[in-house]
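>>> Sequence plus the predicted model coming up.
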Amino acid sequence: MTDTSWVGAAMAQTVPWVKTVGITFDETTPERAVVHLPDNADLHNHVAGPHAAMIFGLGETASGAVGLAAFSGVMDRATPLVVRSEIHYTRLAKGPLTAVAEMGRPAGEVIAELDAGERPEFTVSVRITDADDRETTRLTVVWTLRPNR
(Lines give C-alpha, C1' and ligand atoms only; values in the text may rest on other atoms or scores of the structure.)
Protein backbone atom coordinates (compact mmCIF):
# COMPACT_ATOMS: atom_id res chain seq x y z
CA MET A 1 0.00 0.00 0.00
CA THR A 2 1.23 3.49 -0.88
CA ASP A 3 1.96 5.88 1.98
CA THR A 4 -0.57 8.73 1.88
CA SER A 5 0.09 10.12 5.36
CA TRP A 6 1.43 13.31 3.73
CA VAL A 7 -1.96 14.30 2.25
CA GLY A 8 -3.26 16.31 5.23
CA ALA A 9 -0.08 18.37 5.52
CA ALA A 10 -0.03 18.96 1.78
CA MET A 11 -3.62 20.17 1.80
CA ALA A 12 -2.98 22.50 4.74
CA GLN A 13 -0.04 23.97 2.84
CA THR A 14 -1.64 24.31 -0.61
CA VAL A 15 -5.17 25.26 0.51
CA PRO A 16 -4.71 27.98 3.15
CA TRP A 17 -8.40 27.86 4.19
CA VAL A 18 -7.85 24.32 5.55
CA LYS A 19 -5.24 25.59 8.01
CA THR A 20 -7.18 28.77 8.80
CA VAL A 21 -10.28 26.94 10.05
CA GLY A 22 -8.31 24.21 11.84
CA ILE A 23 -9.22 21.16 9.78
CA THR A 24 -7.28 18.04 10.78
CA PHE A 25 -6.81 14.72 9.01
CA ASP A 26 -7.06 11.33 10.73
CA GLU A 27 -6.95 9.00 7.76
CA THR A 28 -6.22 9.40 4.08
CA THR A 29 -6.15 6.47 1.69
CA PRO A 30 -7.02 6.19 -2.01
CA GLU A 31 -10.45 4.90 -0.95
CA ARG A 32 -11.32 6.95 2.14
CA ALA A 33 -10.49 10.06 4.16
CA VAL A 34 -11.50 11.00 7.71
CA VAL A 35 -11.30 14.74 8.42
CA HIS A 36 -12.30 16.90 11.41
CA LEU A 37 -13.52 20.46 11.96
CA PRO A 38 -13.15 21.72 15.53
CA ASP A 39 -15.89 23.66 17.28
CA ASN A 40 -14.94 27.33 16.96
CA ALA A 41 -17.35 30.12 17.89
CA ASP A 42 -15.76 32.34 15.23
CA LEU A 43 -17.10 29.93 12.59
CA HIS A 44 -20.65 29.71 13.96
CA ASN A 45 -23.93 30.75 12.40
CA HIS A 46 -27.01 32.36 13.97
CA VAL A 47 -27.98 29.12 15.79
CA ALA A 48 -24.55 28.62 17.44
CA GLY A 49 -23.38 25.78 15.21
CA PRO A 50 -20.84 25.67 12.39
CA HIS A 51 -21.89 27.92 9.52
CA ALA A 52 -23.13 26.06 6.43
CA ALA A 53 -20.07 27.30 4.54
CA MET A 54 -17.83 25.61 7.11
CA ILE A 55 -19.77 22.35 6.86
CA PHE A 56 -19.59 22.39 3.07
CA GLY A 57 -15.89 23.25 3.22
CA LEU A 58 -15.22 20.34 5.56
CA GLY A 59 -16.97 17.92 3.23
CA GLU A 60 -15.32 19.28 0.10
CA THR A 61 -11.92 19.13 1.83
CA ALA A 62 -12.49 15.50 2.80
CA SER A 63 -13.45 14.67 -0.79
CA GLY A 64 -10.32 16.42 -2.02
CA ALA A 65 -8.15 14.49 0.43
CA VAL A 66 -9.32 11.12 -0.82
CA GLY A 67 -8.92 12.32 -4.41
CA LEU A 68 -5.38 13.54 -3.77
CA ALA A 69 -4.49 10.23 -2.13
CA ALA A 70 -5.99 8.30 -5.06
CA PHE A 71 -4.50 10.36 -7.88
CA SER A 72 -1.23 11.77 -6.56
CA GLY A 73 0.62 9.68 -9.13
CA VAL A 74 -0.95 11.57 -12.04
CA MET A 75 -0.81 15.15 -10.69
CA ASP A 76 2.09 15.91 -13.04
CA ARG A 77 -0.25 15.46 -16.00
CA ALA A 78 -3.72 16.26 -14.65
CA THR A 79 -5.34 18.77 -12.31
CA PRO A 80 -8.24 17.73 -10.06
CA LEU A 81 -11.21 20.13 -10.21
CA VAL A 82 -14.70 20.03 -8.71
CA VAL A 83 -17.37 19.71 -11.41
CA ARG A 84 -20.44 19.87 -9.16
CA SER A 85 -21.62 19.05 -5.68
CA GLU A 86 -24.85 18.45 -3.83
CA ILE A 87 -25.35 18.84 -0.10
CA HIS A 88 -28.13 17.69 2.21
CA TYR A 89 -28.31 19.07 5.73
CA THR A 90 -30.06 16.31 7.68
CA ARG A 91 -29.74 17.58 11.26
CA LEU A 92 -28.63 20.77 12.98
CA ALA A 93 -24.87 20.54 13.38
CA LYS A 94 -23.38 21.51 16.74
CA GLY A 95 -19.88 21.12 18.11
CA PRO A 96 -16.94 19.46 16.39
CA LEU A 97 -17.68 17.61 13.16
CA THR A 98 -16.16 14.61 11.39
CA ALA A 99 -16.36 14.01 7.65
CA VAL A 100 -15.81 10.58 6.14
CA ALA A 101 -15.27 10.67 2.38
CA GLU A 102 -15.36 7.57 0.22
CA MET A 103 -14.32 7.17 -3.41
CA GLY A 104 -17.17 6.08 -5.67
CA ARG A 105 -15.14 3.87 -8.00
CA PRO A 106 -11.65 2.42 -8.25
CA ALA A 107 -8.91 4.92 -9.04
CA GLY A 108 -7.56 2.57 -11.69
CA GLU A 109 -10.72 3.01 -13.78
CA VAL A 110 -10.39 6.79 -13.63
CA ILE A 111 -6.69 6.67 -14.55
CA ALA A 112 -7.45 4.35 -17.48
CA GLU A 113 -9.85 6.97 -18.86
CA LEU A 114 -7.20 9.67 -18.40
CA ASP A 115 -4.67 7.45 -20.20
CA ALA A 116 -7.18 7.03 -23.06
CA GLY A 117 -7.22 10.81 -23.56
CA GLU A 118 -10.52 11.43 -21.79
CA ARG A 119 -11.32 13.91 -19.05
CA PRO A 120 -12.59 11.44 -16.43
CA GLU A 121 -15.02 12.20 -13.64
CA PHE A 122 -15.29 10.47 -10.30
CA THR A 123 -17.73 10.84 -7.42
CA VAL A 124 -16.85 11.09 -3.75
CA SER A 125 -19.57 10.57 -1.14
CA VAL A 126 -19.17 12.29 2.21
CA ARG A 127 -20.99 11.69 5.49
CA ILE A 128 -20.59 14.34 8.20
CA THR A 129 -21.36 13.55 11.83
CA ASP A 130 -21.31 15.36 15.17
CA ALA A 131 -19.42 14.32 18.31
CA ASP A 132 -22.18 11.81 19.14
CA ASP A 133 -21.79 10.17 15.69
CA ARG A 134 -25.18 11.51 14.56
CA GLU A 135 -25.30 12.32 10.88
CA THR A 136 -25.74 16.04 10.22
CA THR A 137 -24.93 16.27 6.54
CA ARG A 138 -24.44 14.25 3.36
CA LEU A 139 -22.46 15.60 0.47
CA THR A 140 -21.72 14.27 -2.99
CA VAL A 141 -18.85 15.84 -4.91
CA VAL A 142 -18.12 15.07 -8.54
CA TRP A 143 -14.53 15.74 -9.53
CA THR A 144 -12.69 15.63 -12.83
CA LEU A 145 -9.06 15.14 -13.72
CA ARG A 146 -8.39 17.87 -16.28
CA PRO A 147 -5.42 16.93 -18.44
CA ASN A 148 -2.62 19.49 -18.22
CA ARG A 149 -1.88 21.06 -21.56
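It's in. Numbering: from 1, shown residues only.
>>> where along this structure do the strands fall?
Using DSSP state E, the strands of the chain run over residues 24-28, 32-37, 78-89, 97-103, 121-129, 135-147.
>>> distance of the residue nearest to residue 128 when sequence neighbours are not counted from residue 100?
Nearest non-adjacent residue to residue 128, counting by CB to CB, 6 or more residues apart in numbering: residue 137, 4.0 Å away. (Each C-beta comes from the backbone N, C-alpha and C, glycine too.) To residue 100, residue 137 is 11 Å away according to CB to CB, to the nearest Å.
>>> Which of those two has more residues huddled nearby?
More neighbours surround residue 137 than the other of residue 137 and residue 100, with 23 against 18 (other CB atoms under 10 Å).
>>> about what we covered before: okay if I get the strands of the chain as a markdown table plus distance to residue 46 and mean pLDDT?
Shown next, in a markdown table, are the strands of the chain (distance: least, CB to CB, whole Å; pLDDT from 0 to 100):
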| stretch | distance to residue 46 | mean pLDDT |
| --- | --- | --- |
| strand 24-28 | 26 | 96 |
| strand 32-37 | 18 | 98 |
| strand 78-89 | 14 | 97 |
| strand 97-103 | 18 | 98 |
| strand 121-129 | 19 | 98 |
| strand 135-147 | 16 | 98 |
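>>> and the ones you listed as a markdown table, adding distance to residue 71?
Shown next, in a markdown table, are those (distance: least, CB to CB, whole Å):
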| stretch | distance to residue 71 |
| --- | --- |
| strand 24-28 | 12 |
| strand 32-37 | 13 |
| strand 78-89 | 6 |
| strand 97-103 | 10 |
| strand 121-129 | 9 |
| strand 135-147 | 6 |
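>>> closest to residue 7 out of the ones you listed?
strand 24-28 (3.9 Å; CB to CB).
>>> Next, show the common contact partners of residue 137 and residue 100.
Contact criterion CB atoms under 8 Å, 6 or more residues apart in numbering; residues shared by residue 137 and residue 100: 126, 127, 128.
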